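Engineer: Provide a 3D model corresponding to the input given below.
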Amino acid sequence: MQSNTHELAQVAATAQAVEAGTGRVNLYAGIHKALRAFMADTLLAVGRTDPADAQEVAATRERLGTLLDLCAAHVRHEDGFVHPAIEARSPGVVEGVADEHAGHLAQIARLRAMADGLDGLAPAACALALQNMYLALALFVAENLQHMHTEETVHNTALWQAFSDAELVGIHDGLLATVPPAEMMLVMRWMLPQMNAPERLELLGGMRQGAPAPVFQVVLDGARAQLAERDWAKLARGLGLAPVDGLVMA
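Structural biologist: Model prediction:
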């Protein structure tokens, strides 16, 4: 009964946070969609890796390393910009999650060591190491899913109560200015296909206004390659681009 009560309270709190954020600037939504997708996809890739295929094992190591690099960068970005902003106006709100960030960095280091340990293993030993890494990564993903939920409910509520949308845009723009181009393209690779059509149009519409034309074109070309035809047609229509031949939109 106590567990059910807690779950119902959490559902209610989530619904309240979602309602409170309607129409507001959301610092977490897009990047967290990207991270959830990248984490899930990488976890599945580790699980299906053939331990007897050295090329496949190497590709999995590289894929996991790229994910871990992005996760570590995400922690740095939040610690450098979002958490200080929340703490400045809502002291104590980020305390528990800040501790979780330290734990995530430790997990990232352990996962890196496990991935490095795959090098040169015979198939039988590699199979055991891959399974061990798969389970460790699954726990890392699970903890991050819960962590991101807290950020998108508790932290967002604090941000919306303490900051105007203009101030939130300022925090976001300050953070983005520190993101290297390669990291930004990786985020776009995982974020754009996971957004819904209005979110995608809002992001790329804003980018077209503020980014250099060649940069925007690279992002747009990437979106064209990654999106399903119907999703691309919606985006093209919203951006005023040439229509997609043969696809009828209601």
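Engineer: which strands and helices sit next to the helix or strand hosting Ala73?
Structural biologist: For Ala73, the host element (DSSP states H and E) is helix 54-77. Helix 54-77 sits against helix 29-47, helix 95-116, helix 123-150, helix 181-191, with contacts defined as 3 or more CB pairs under 8 Å, 6 or more residues apart in numbering; DSSP states H and E. Heads up, the C-betas are built off the backbone N, CA and C, glycines and all.
Engineer: rerun at 10 Å
Structural biologist: The criterion is 3 or more CB pairs under 10 Å, 6 or more residues apart in numbering; DSSP states H and E, and the helices and strands that helix 54-77 contacts are helix 29-47, helix 95-116, helix 123-150, helix 165-176, helix 181-191.
Engineer: quick check: domain ranges of the chain?
Structural biologist: 2-180, 195-250 (automatic domain parsing).
Engineer: ok, the most centrally placed residue in the chain to Leu8 distance?
Structural biologist: Nearest to the geometric centre of the chain sits Leu35, at 2.3 Å (CA atoms, centre = their mean). Distance, Leu35 to Leu8, using CB to CB, to the nearest Å: 27 Å.
Engineer: kindly report the same for Val187.
Structural biologist: 35 Å.
Engineer: of these two, who's got more company?
Structural biologist: Val187 (20 against 10; other CB atoms under 10 Å).
Engineer: list the contacts of the more buried one.
Structural biologist: Val187 makes contact with 30-31, 34-35, 38, 70, 73-74, 176, 179, according to CB atoms under 10 Å, 6 or more residues apart in numbering.
Engineer: I'd like these as CSV, with distance to Ala113 and pLDDT appended.
Structural biologist: Output for these, formatted as CSV (distance: CB to CB, whole Å; pLDDT from 0 to 100):
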residue, distance to Ala113, pLDDT
Gly30, 31, 97
Ile31, 26, 98
Ala34, 25, 98
Leu35, 22, 98
Phe38, 20, 98
Leu70, 18, 98
Ala73, 19, 98
His74, 20, 98
Leu176, 31, 95
Val179, 27, 96
